[in-house]
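[1] Return atomic coordinates for the entry below.
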Amino acid sequence: MTEQGTIAFDWLIFVVANACVAYWSFRAWAVSRDEPATHRAWLIIAIAAIGQTIGSAAETTLQILYNQIALPLWIHLDFVLVYVLVIAGLLSFPIAPRRRADRITLSFDIATVALSGVMIFWFWSVRSGAFEPSTTLASKAIVIGYPSADLAVLLTAAILLVRSADNRSRTIFGYFALGYLCSSISDFWYGYLQMSPGYQRNTGLDVCWFAAVVLPIFAAATQLQHSARKGAPRREAARWMAEIPSIAVALAFGMLFLAIRDNREDVEVQLGAGAFVMTVLAIARQRISARDATRLWSERAARDARFRALVQHSSDVVVVLDSSLRASYVSPAIQGVLGLDAELGLGRTFVEWVTPEDRPMAAELLARVASRPHAREARRPSGGPQA
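    Modelled structure (predicted):
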């Protein structure tokens, strides 16, 4: 990539892309007015994106007009403030409480991600020579400072990710975690290359930086998509977003592989010990999760058995509807009340059992209740049927 091409790419990444992050963050802030904590979080992140855009624009201007690579102190302070604001914004998001088993696994996940971050930071700092006496303060700031800030944001997002119980929050924190994972890799990579003789930027580094910039846009888009839906955020399991601890383990073993390949005997023992501890943490977490899953399965089976024993011998008709308002369970009492076989009622919409003249009102009532699954409908439609 030529020098002019590099400057143009810098302009695209560090100015236009960061401006897009600020725009989408403000849009997420605007649509979250009904959630004060989320509203405040997106405002802080939007301000951080504006600060990032200002610093990036100043950096690119110095490169174009004065061919200046070394950044003045105020730009470094601007970027430091951006990191602080991003962490503050992430911590402002509301987090649902978790069960005891979840809190235990959370502690293992936090330890795993933190240990992985420390191992990566330490290995690349030693490998790049950042701790050598001959290394200048500016070089240490590039090699150590920015990657450390990236890891701090990454750890914050990863902790919030494994603590989140609803799909929206998990997706938002997952995108931020992946974004700052890419940022930490690219900043480590950049610092290592800059301290190497014959330093030259490459396309892979630019692509990694670009991914780090655009992933928060997807987080803001997630807020927009979920805010457009009525009701509380759905509590679904975004499983791929929960793989951050596994990624951390893989990165730690990757560091160990690089140390063995480069014959770095000064770090092999330490990295090997760290990888062993992370393996123990991963095994312990899986055993706790498996034991908790078995317990929950047994409790659910017992509840299902009690429910069936209750409704199957009741004289009242019990109908369970799915998300499309179709019957997924019909108690045997319907045979004596409506003369309908219970199995024939499965899959039918509830309004089919209502008299034709009352069906529009019944459909409207059911739709309103389904849109607020945790609320109670206190008002009965005037003249409505009782099924």
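[2] measure the spatially closest residue to residue 184 that is not a sequence neighbour to residue 94 for me?
    Nearest residue to residue 184 in three dimensions, chain neighbours excluded: residue 150, at 3.6 Å (Cβ to Cβ, 6 or more residues apart in numbering). All C-beta atoms are positioned from the backbone trio N, CA, C, and that covers glycine. Separation of residue 150 from residue 94 (Cβ to Cβ, to the nearest Å): 25 Å.
[3] could you dump stretch 294-310 to CSV, C-alpha only?
    Presented in CSV, the C-alpha positions along stretch 294-310 are these (Å, rounded to 0.1, in the frame of the first residue of the first chain):
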residue,chain,number,x,y,z
THR,A,294,-28.9,-31.5,35.5
ARG,A,295,-30.5,-29.9,38.6
LEU,A,296,-32.6,-27.5,36.5
TRP,A,297,-33.7,-30.4,34.3
SER,A,298,-34.8,-32.4,37.3
GLU,A,299,-36.7,-29.5,38.8
ARG,A,300,-38.4,-28.8,35.4
ALA,A,301,-39.4,-32.4,35.1
ALA,A,302,-40.9,-32.4,38.6
ARG,A,303,-42.8,-29.2,37.9
ASP,A,304,-44.2,-30.6,34.6
ALA,A,305,-45.3,-33.7,36.4
ARG,A,306,-47.1,-31.7,39.1
PHE,A,307,-48.7,-29.5,36.4
ARG,A,308,-50.0,-32.4,34.4
ALA,A,309,-51.3,-34.1,37.5
LEU,A,310,-53.2,-30.9,38.4
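[4] looking at this, residue 329 is in a strand?
    Yes. Under DSSP: H, G, I helix; E, B strand; the rest coil, residue 329 sits within a strand.
[5] Hmm, it is touching residue 307, no?
    No. Using Cβ atoms under 8 Å, residue 329 makes no contact with residue 307, being 9.2 Å away.
[6] rewinding a little: for residue 315, see how far away the residue nearest to residue 184 is.
    From residue 150 to residue 315 the distance is 64 Å (Cβ to Cβ).
[7] could you pull out the strands for this structure?
    Per DSSP state E, the chain carries strands over the ranges 319-321, 327-330.
[8] Just give me how far the last one sits from the chain centre.
    What separates the centre of strand 327-330 from the centre of its chain is 35 Å, taken as Cα atoms, centre = their mean, to the nearest Å.
[9] ditto for stretch 211-222
    Distance of stretch 211-222 from the chain centroid (Cα atoms, centre = their mean) equals 11 Å.
[10] Please put the alpha-carbon coordinates of it into CSV.
    Provided in CSV are the C-alpha atoms of stretch 211-222 (Å, rounded to 0.1, in the frame of the first residue of the first chain):
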residue,chain,number,x,y,z
ALA,A,211,-13.3,-4.3,12.2
ALA,A,212,-12.6,-2.7,15.6
VAL,A,213,-14.2,0.5,14.4
VAL,A,214,-17.3,-0.9,12.7
LEU,A,215,-18.4,-3.5,15.3
PRO,A,216,-19.8,-0.9,17.7
ILE,A,217,-22.1,0.2,14.9
PHE,A,218,-23.6,-3.3,14.9
ALA,A,219,-24.1,-2.9,18.7
ALA,A,220,-26.0,0.4,18.2
ALA,A,221,-28.1,-1.3,15.4
THR,A,222,-29.0,-4.0,17.8
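[11] Packing partners of whichever helix in the chain runs longest?
    Ranked by number of residues, the top helix in the chain under DSSP state H is helix 265-312. Identification of packing neighbours for helix 265-312 by 3 or more Cβ pairs under 8 Å, 6 or more residues apart in numbering; DSSP states H and E yields helix 100-128, helix 244-261.
[12] Give me the distance between the shortest one and the centre of its chain.
    Same thing as helix 244-261. That offset, for helix 244-261, works out to 21 Å (Cα atoms, centre = their mean).
[13] and residue 35, what does it touch?
    Neighbour list for residue 35: residue 94 [criterion: Cβ atoms under 8 Å, 6 or more residues apart in numbering].
[14] could you measure it against residue 159, distance?
    From residue 35 to residue 159 the distance is 21 Å (Cβ to Cβ).
[15] Same check on residue 177?
    9 Å.
[16] Compare residue 150 and residue 94 and say which is more crowded by neighbours.
    Comparing residue 150 with residue 94 by other Cβ atoms under 10 Å, the one with more neighbours is residue 150, at 24 against 13.
[17] which residues touch the more buried one?
    Contacts for residue 150 (Cβ under 8 Å, 6+ apart) come out as 180, 183, 184, 187.
[18] More neighbours: residue 177 and residue 159, which one.
    residue 177 (27 against 21).
[19] Quick one: neighbours of the closest residue in space to the more buried one that isn't next to it in sequence, just the number.
    Of all residues not flanking residue 177 in the chain, residue 157 sits nearest, at 3.9 Å (Cβ to Cβ, 6+ apart). Neighbour count of residue 157, defined by other Cβ under 10 Å: 25.
[20] thought residue 157 was touching residue 184?
    No. Counting by Cβ under 8 Å, residue 157 sits too far from residue 184 to count as a contact (11.3 Å).
[21] what separates residue 109 from residue 278, distance-wise?
    From residue 109 to residue 278 the distance is 11 Å (Cβ to Cβ).
[22] again, but for residue 330
    51 Å.
[23] Could you do residue 166 as well?
    The gap separating residue 166 from residue 278 is 28 Å, by Cβ to Cβ.
[24] Who has more neighbours out of the two?
    A direct count of neighbours by other Cβ under 10 Å for residue 166 and residue 278 places residue 278 higher, at 24 against 18.
[25] which residues touch that one?
    112, 115, 116, 248, 249, 252.
[26] What is the nearest of those residues to residue 145?
    residue 116 (19.5 Å; Cβ to Cβ).
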